[in-house]
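In: Here's my sequence, what's the structure:
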Amino acid sequence: MFHNTRHTAVTNLVNAGVPAHEAMAVSGHRTRSVFDRYSPSLKAQTRAALERVTAYAEEATAAGVVRRFRRRKNTDTDTLTDTVAKRRRNQAGQSAPSARLPESG
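Out: Alright, predicted model coming up:
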């Protein structure tokens, strides 16, 4: 019986718009993965949120408030993680990491 009550409480918290971290504190869930099992409506809410932001971006673009991102030709395709790693290596005065082969013994 407690399980059904907890499931209903989590669903109601999420549907009321309570942020997940706050709902987790109320329900006693320690990890997001377990919390998500109790809240199957998150997919529908995520879809609705993405639809709202898409509609906003389209309206703002039409009004000239938001400019669409356009990828430049011949750009570096490094990920943010790669870029940060390169910057740290450069600051430390190192070159790209070298691969070490295991020593034969």
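
In: Report how many residues lie close to Val18.
Out: 15 (other Cβ atoms under 10 Å). (C-beta placed from N, C-alpha, C; glycine too.)

In: quick one: contacts for the nearest residue to it once chain neighbours are set aside?
Out: Of all residues not flanking Val18 in the chain, Val26 sits nearest, at 7.7 Å (Cβ to Cβ, 6 or more residues apart in numbering). Contact partners of Val26, counting by Cβ atoms under 8 Å, 6 or more residues apart in numbering, are 9, 13, 18.

In: and what of Phe35?
Out: Phe35 touches 10, 20, 23-24, 27, 29, counting by Cβ under 8 Å, 6+ apart.

In: Of the residues you listed, just say which sits nearest to Ala62.
Out: Ala62 lies nearest to Ala20 out of the contacts of Phe35, by Cβ to Cβ, at 32.3 Å.

In: ok, that closest one - contacts?
Out: So Ala20 contacts 14, 32, 35 (Cβ under 8 Å, 6+ apart).

In: now swap in Ala49 and tell me
Out: No contacts exist for Ala49 under Cβ under 8 Å, 6+ apart.
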